[in-house]
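Student: From the sequence below, what's the structure:
(chains A and B)
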Amino acid sequence: DIQMTQSPASLSASVGDRVTITCRTSQGISNYFAWYQQRPGEVPKLLIYGASTLQSGVPSRFSGRGSGTDFTLTITSLQPEDVATYYCQKYNSAPFTFGPGTKVDIK
Amino acid sequence: EVQLLESGGGLVQPGGSLRLSCAASGFAFSSYAMTWVRQAPGKGLEWVSSISGSGESRYYADSVKGRFTISRERSKNTLYMNSLRAEDTAVYYCARGISGIYYFDYWGQGIQVTVSS
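Tutor: Got it, this is the predicted structure:
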């Protein structure tokens, strides 16, 4: 099975900062890649699919890039409501694995 | 409005069985794949099982293969869980994916499954 790594495991940043989270897969998966946000106590929410397509209703400060084995999620200006754990997911083929998550909070 | 409502969770002894159901509404059910994702206490998301819109394709995580079975009918998605272990304790989410494409755009609120003696 394809292995997924995600970094950093956690980060603390100030409001307005640019934040970047990285996921890497052990084999190329084209752009079959998604990002999710899970705020504390809430249900996961789809942010990005196809590596870079923003899901409807998601603020434009979120963006995704990458193809093959390396993918990034960027928040251009961190807001208090962005405090959450962020997960990546591959969906090129089963198993449709999630990354271990990155916990983001405000400094 | 898309709605996914899980039911059937609870407390079960190790080795026992449980059936989770997900009632779907607000969309053309047969056009969408359905999936179960779980989250153990304080842990990350773990994909468990998916079924295609037609029901012809079913996929399982290695951790549940041979113990869990996914099925669908009309507007309901079901996860049959057998030979339950303590490590199956988690909140189980039902989620929707575009048929044939397994990212998940709508999620249910989740239901607790606890395996303990």
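Student: So which bits of chain A are right by chain B?
Tutor: Counting by CB under 8 Å from any CB of the partner chain, chain A comes close to chain B at A:1, A:34, A:36, A:38, A:43-46, A:49, A:55, A:85, A:87, A:89, A:91, A:94-101. To be clear about C-beta, it is placed using only N, CA and C from the backbone, and glycine gets the same treatment.
Student: So which of those residues belong to strands?
Tutor: Per DSSP state E, strands hold the following members of the residues of chain A next to chain B: A:34, A:36, A:38, A:45-46, A:49, A:85, A:87, A:89.
Student: Show me which pair in the residues you listed is furthest apart.
Tutor: A:49 and A:85 (18.3 Å; CB to CB).
Student: quick one: contacts for residue B:79?
Tutor: B:19-20, B:22, B:36, B:48-49, B:68-70, B:92 (CB atoms under 8 Å, 6 or more residues apart in numbering or on different chains).
Student: Might one say that residue B:24 is in contact with residue B:3?
Tutor: Yes. Under the criterion of CB atoms under 8 Å, residue B:24 makes contact with residue B:3 at 7.2 Å.
Student: Comparing the two, which residue is more hemmed in?
Tutor: Neighbours were counted for residue B:24 and for residue B:3 using other CB atoms under 10 Å in any protein chain shown; residue B:24 has more, 22 against 12.
Student: Check what pLDDT the residue lying closest to that one once chain neighbours are set aside gets.
Tutor: Excluding the flanking residues, the one nearest residue B:24 by CB to CB, 6 or more residues apart in numbering or on different chains is residue B:75, at 4.8 Å. What the model reports as pLDDT for residue B:75 is 95.
Student: Please report how far residue B:75 lies from chain A.
Tutor: Note on residue B:75: its distance to chain A, by CB to the nearest CB, to the nearest Å, is 20 Å.
Student: check contacts around the residue nearest to the spatial centre of chain B.
Tutor: Using CA atoms, centre = their mean, the residue of chain B that lies closest to the mean C-alpha position is residue B:36, 2.8 Å off. The neighbours of residue B:36, taking CB under 8 Å, 6+ apart as the test, are B:20, B:22, B:48-50, B:70, B:77, B:79, B:92-95.
Student: Which ones among the residues you listed lie within strands?
Tutor: Residues of the contacts of residue B:36 located in strands (DSSP E): B:20, B:22, B:48-50, B:70, B:77, B:79, B:92-95.
Student: Now distance to residue B:105 too, for these, in a markdown table please.
Tutor: Listed next are those as a markdown table, based on distance: CB to CB, whole Å:
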| residue | distance to residue B:105 |
| --- | --- |
| B:20 | 20 |
| B:22 | 15 |
| B:48 | 18 |
| B:49 | 18 |
| B:50 | 14 |
| B:70 | 19 |
| B:77 | 15 |
| B:79 | 19 |
| B:92 | 18 |
| B:93 | 13 |
| B:94 | 13 |
| B:95 | 8 |
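Student: doesn't residue A:81 fall inside a helix?
Tutor: Yes. Read with DSSP: H, G, I helix; E, B strand; the rest coil, residue A:81 is one of the residues of a helix.
Student: gap between the nearest residue in space to it that is not next to it in sequence and residue B:45?
Tutor: Closest residue in space to residue A:81, ignoring its immediate chain neighbours: residue A:39 at 7.7 Å, by CB to CB, 6+ apart. The spacing between residue A:39 and residue B:45, counted by CB to CB, to the nearest Å, is 14 Å.
Student: Great, nothing more from me.
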